[in-house]
Structure formats: C-alpha cells, structure tokens
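Novice: Following is a predicted model, sequence given first.
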Amino acid sequence: MIEIAHRHTGAVLQSIDAATLSSASLQGAALVSANLAGASLNKANLVRANLRLADLSESDLRDTDMRGSNLQGADLRGADMREARLAQADLRNALYDARTRWPEGFQPTGAVRDKRWGY
C-alpha cells in the first residue's frame, strides 16, 4: 500500500494498493500539494490529474501520460520527464531548473526557471 500525503499537512490524499507508482493509474486524481518528491512515476497515467502545487522534484516521470493535467505551481526541479506526454498540461508558475529533463523539443510555456543552480 502506498499513501500519497499532502506536502504541508501530512494528510493522506490518495491510497494505492500497489508496491510502486510506476505504471500506476492516477487518471483524474486529486493530488493538490502532494509530496511526490523523488517518486518513481514512470509510465503512470496522470491524465487530467490535479497536481497543483505538488512537489515532484527529483521524480521519475519518464514516459508518463500527463495530458491535460494541472501542474500549476508544481515543483519540477530535477524531474525527469523525457518521453512524457504533456499536451494541454497547465504549467503556469511550475518551477523547474537546469536539471529538469523535458521531452525532446518541448517548451515549458508558463513555467518559471529557478536559476539558482547556475548551469
């Protein structure tokens, strides 16, 4: 069993009967302010998931389907999103840095780059 907790209050937002979040079906899940830092979510279904203000820093989001997801204000610093499907995802004010890996040719429109890493 995996429990996804609120990043500030610790309240459980979602419980998943699985050993890993890889390939998990979280379509339409309400994960506002979820603490998913460092999580392995590769190949997960996050279509139309609400990840507003979620901490996804250092997470593995390779080949994840995030079409139409709300990522407003999410922390994406150091996240690996190669091959992720991000069509119609809302990235307004999402935070990323030089370590964030985007799908080839993807432009994170509306996202904010954290320049503290300096490379």
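Specialist: On my side now, so go ahead.

Novice: Compute the distance between Leu71 and Met81, please.
Specialist: 10 Å (CB to CB, to the nearest Å). (Glycine included, C-beta is placed from N, CA and C.)

Novice: how about the strands in this protein?
Specialist: 2-5, 12-16, 95-96, 112-113 (DSSP state E).

Novice: Point out the one among the ones you listed that comes closest to Arg48.
Specialist: With CB to CB as the criterion, Arg48 lies closest to strand 12-16 of the strands of the chain, at 14.5 Å.

Novice: what comes up buried for the closest one?
Specialist: Within strand 12-16, the residues that qualify as buried are Leu13, counting by 16 or more other CB atoms under 10 Å.

Novice: ok, now which ones touch Lys43?
Specialist: Ser22, Ser23, Arg62, Asp63, Thr64 (CB atoms under 8 Å, 6 or more residues apart in numbering).

Novice: show me the residues around the residue minimising distance to the centre of the chain that make contact.
Specialist: Geometric centre of the chain, nearest residue: Leu56, 4.6 Å, by CA atoms, centre = their mean. By CB under 8 Å, 6+ apart, the contact set of Leu56 is Leu36, Ala37, Ala39, Leu71, Ala74, Asp75, Leu76, Ala79.

Novice: Could I get the phi/psi values of it?
Specialist: Main-chain dihedrals, Leu56, degrees, to the nearest 10: phi -110, psi 20.

Novice: Tell me where the protein is predicted with low confidence.
Specialist: 1, 17-19, 117-119 (pLDDT under 70).

Novice: quick one: contacts for Tyr96?
Specialist: Counted by CB under 8 Å, 6+ apart, Tyr96 has contacts Leu76, Arg77, Ala79, Pro108, Ala111, Val112, Arg113, Asp114.

Novice: Quick check: ChimeraX command selecting the buried ones in those residues.
Specialist: Of the contacts of Tyr96, the buried ones go into a single ChimeraX selection, burial set by 16+ other CB under 10 Å:
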select :76,77,79,108,111,114
